[in-house]
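Student: Any chance you can model this:
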Amino acid sequence: MVDRRRGVAQRRRTVKQAFIVSPARSGSTLLRVLLDTHPEIVSPPELNLSALLQHTTDSWNSTMVALGHKPPGDALGADALTDEVVRRARKPVDEIMVACANAAGASLYCDKSLTTVDHLVTVTRCYPKAPLIFLYRYPLDFIASGLEASRWGFNAFGFLPYVSMHPGNFIGALASYWIDKVARMLEFERGFEGSNARIYYELLCDQPRETLARLFEFLEVDPDDSIVERAFHSEHGRGPGDYKIEYTGSISLESVGRGATLPEHLSPQQTERIDELLGELDYPELAAARRGQLGALLGLVNATDVAAEGREIAEAMAQVLAAQGDRDLPEARRKALPFELVVARAARGEPGRVLIGEDAQPSVIESSVNGDDPKRPRVRCIGDVLLRVAAGEVTFGKAVHDGEIRVESETLEPDGVAGYEVLATLASLIRSGG
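Tutor: You can find the predicted model right below:
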């Protein structure tokens, strides 16, 4: 067998194994490409070996029972696997691992398959000495990545069953996926006594060399400081995974914090459960991350502060809306006045607020959340979205559709103005003020 890295004839009879355990869209392809660059490690595209292993163990277990070799006692699942079943079930998986390692001249096979999280008990029963690498990513960023990657369908990455349960709320569907997978990982991690390490996607992007150095030490392979420079100029095999990796030339923090702009479409139960899991992962809670600056909250060395304070955004909004002076609004629009604009998810300070008075003139206010009138309609604006609408960077309709501009229904009176009337009035003011 020819070593594709060194160009010498070589055959390895002993291959060690390791497994990456990760939900989809959490950086597992990036991690496997970095690991695959190390001369002692081979980490091919997803071969779903954990699913194959589960199938072969189930088949051999059933075969042994059919032949009269019942499992000890009343054992079920992986506990019912005898050493004979494990030996037979591992054989086709071992052959694949050895073939890949021999072709690469590697001594360690690191499997990256999204199915591993669902078969952890069987994987560790069959490979008790194999290290596990648990990889996590912040849920809002995971959801944003999942939506982007599934723009034309949710039949990939294992999302479809969750979308089927939430057909009218894709954000809620992906949140359920994240909760399910991460809860399984944490539950297993808590009770697992074997070799394991935890990695955060954000830290991998912020300090890839330091993260890899610790990981190589954990995997007991030689250090290699040039991995990051070589990773995107080496061949890594083609197969399922993140399609963007083929067009990536470096590691950046560009995607960290992108989920802060997602509409707030999570149920209270989902928010509560996610915050519980975030606490166990030492991540900030959702409310903090939605204000922006996730990188700064995580203490990332290379995080940058680009978000303005809520007060600054509110003052800019008031200037834009006041730019044209008196407005000739139709009477049908004037009945929605007055209402309040609240700048949500500003990175620093308190949310900015702008009052659109009965004369349609804007003014920045600093009173309580709903001013002096708790019955006044309140429009929630995500960050500087109104400024982007006024600048023509995004349409008002798209901002409403994406949940970046919405009326808080609890501020509307049952017999009062409707939410769409408030939004229509705001749209007219932006057009005349822009």
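
Student: At which residues are the strands of the chain located?
Tutor: 16-21, 41-42, 108-112, 132-136, 196-200, 339-344, 353-356, 362-365, 378-382, 405-407 (DSSP state E).

Student: Mind giving me the packing neighbours of the shortest one?
Tutor: Taking 3 or more Cβ pairs under 8 Å, 6 or more residues apart in numbering; DSSP states H and E as contact, the helices and strands that strand 41-42 lies on are helix 83-104, strand 108-112. Any C-beta I mention is one placed from the backbone N, CA and C, and that applies to glycine too.

Student: Out of the helices and strands in this protein, which is least certain?
Tutor: When each helix and strand of the chain is scored by mean pLDDT, DSSP states H and E, helix 331-334 comes last, with a mean of 83.

Student: about what we covered before: nearest to residue 52 among the strands of the chain would be which one?
Tutor: strand 108-112 (10.4 Å; Cβ to Cβ).

Student: any idea of the angle the closest one forms with strand 132-136?
Tutor: 40 degrees (axes from the mean of the first three to the mean of the last three Cα atoms, to 10 degrees).

Student: tell me the angle of strand 108-112 relative to helix 83-104?
Tutor: Using the same axes, to 10 degrees: strand 108-112 against helix 83-104 is 100 degrees.

Student: quick revisit: so which bits of the least confident helix or strand of the chain are buried?
Tutor: residue 333 (16 or more other Cβ atoms under 10 Å).

Student: where's it relative to the chain centroid, distance-wise?
Tutor: Distance of helix 331-334 from the chain centroid (Cα atoms, centre = their mean, to the nearest Å) equals 43 Å.

Student: Residue 415: neighbour count?
Tutor: 5 (other Cβ atoms under 10 Å).

Student: Quick check: phi and psi at it.
Tutor: When read as degrees, to the nearest 10, the backbone of residue 415 gives phi -110, psi 20.

Student: pretty sure residue 298 is in contact with residue 281, am I right?
Tutor: No: Residue 298 is beyond contact range of residue 281, at 11.0 Å (criterion: Cβ atoms under 8 Å).

Student: Give me the distance between the two termini of stretch 198-218.
Tutor: Stretch 198-218 has an end-to-end distance of 11 Å (Cα to Cα, to the nearest Å).

Student: model confidence over that stretch, on average?
Tutor: Over the span of stretch 198-218, the pLDDT mean works out to 97.

Student: What residues sit buried inside it?
Tutor: With burial defined by 16+ other Cβ under 10 Å, the residues of stretch 198-218 counted as buried are 199-208, 211-212, 215-216.

Student: so where's the stretch 151-300 of the chain shaky on pLDDT?
Tutor: The stretch 151-300 of the chain contains residues with pLDDT under 70 at 239-247.

Student: Which of the buried residues of stretch 198-218 fall in helices?
Tutor: Secondary structure from DSSP state H places 201-206, 208, 211-212, 215-216 of the buried residues of stretch 198-218 in helices.

Student: With distance to residue 94 as added columns, please give the strands of the chain in a markdown table.
Tutor: A markdown table is the format used below for the strands of the chain (distance: least, Cβ to Cβ, whole Å):
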| stretch | distance to residue 94 |
| --- | --- |
| strand 16-21 | 9 |
| strand 41-42 | 14 |
| strand 108-112 | 9 |
| strand 132-136 | 18 |
| strand 196-200 | 21 |
| strand 339-344 | 53 |
| strand 353-356 | 64 |
| strand 362-365 | 68 |
| strand 378-382 | 51 |
| strand 405-407 | 55 |
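
Student: picking up where we left off before, show me what the least confident helix or strand of the chain is packed up against.
Tutor: Helix 331-334 packs on helix 419-433, going by 3+ Cβ pairs under 8 Å, 6+ apart.

Student: Can you say which two of the ones in helices among the buried residues of stretch 198-218 are spatially most distant?
Tutor: Between any two of these (Cβ to Cβ), the greatest distance is 19.7 Å, for 202 and 216.

Student: Kindly provide the distance from the closest residue to residue 332 other than its chain neighbours to residue 339.
Tutor: Counting by Cβ to Cβ, 6 or more residues apart in numbering, residue 332 lies nearest to residue 421, which is 7.8 Å off, once chain neighbours are set aside. Here the criterion is Cβ to Cβ, to the nearest Å. By it, residue 421 lies 10 Å from residue 339.

Student: cool, and residue 392?
Tutor: Taking Cβ to Cβ, one finds residue 392 at 24 Å from residue 339.

Student: where exactly do the helices run in the stretch 1-150 of the chain?
Tutor: With DSSP state H, counting those that start in this stretch as the criterion, the stretch 1-150 of the chain has helices at 28-37, 49-66, 83-104, 120-126, 139-149.

Student: Could you give me the buried positions within the longest one?
Tutor: Along helix 83-104, these residues count as buried under the neighbour rule (16+ other Cβ under 10 Å): 85-86, 88-90, 93-94, 97-98, 100-104.

Student: which pair in the residues you listed spans the largest distance?
Tutor: It's 85 and 104 that sit farthest apart of the buried residues of helix 83-104, by Cβ to Cβ, at 29.6 Å.

Student: pLDDT wise, what is residue 362 at?
Tutor: At residue 362, pLDDT is 93.

Student: Which neighbours do residue 298 and residue 281 have in common?
Tutor: residue 200 (Cβ atoms under 8 Å, 6 or more residues apart in numbering).

Student: Residue 285 is in contact with residue 279, correct?
Tutor: Yes: with contact defined as Cβ under 8 Å, residue 279 counts as touching residue 285 (7.4 Å).

Student: still on that earlier bit, select, out of the helices of the stretch 1-150 of the chain, the one closest to residue 314.
Tutor: helix 139-149 (23.8 Å).

Student: what's the pLDDT at the residue lying farthest from the centre of the chain?
Tutor: Distance from the centre of the chain peaks at residue 68, with 47.0 Å (Cα atoms, centre = their mean). With respect to pLDDT, residue 68 scores 86.

Student: Same check on the one 3 residues further on?
Tutor: Confidence per residue is given as pLDDT, and for residue 71 that number is 63.

Student: again with the one 5 residues further on
Tutor: If you check residue 76, the pLDDT there is 50.

Student: Any stretches of the stretch 301-434 of the chain with poor pLDDT?
Tutor: For the stretch 301-434 of the chain (pLDDT under 70), the answer is 305-308, 324-327, 345-350, 367-374, 432-434.

Student: thinking again about what came up before, between residue 279 and residue 285, who's got more neighbours?
Tutor: residue 285 (14 against 11).

Student: So what's the residue count around the residue nearest to the more buried one when sequence neighbours are not counted?
Tutor: Among residues not flanking residue 285 along the chain, residue 275 sits closest, at 4.7 Å (Cβ to Cβ, 6+ apart). Using other Cβ under 10 Å, residue 275 has 16 other residues around it.
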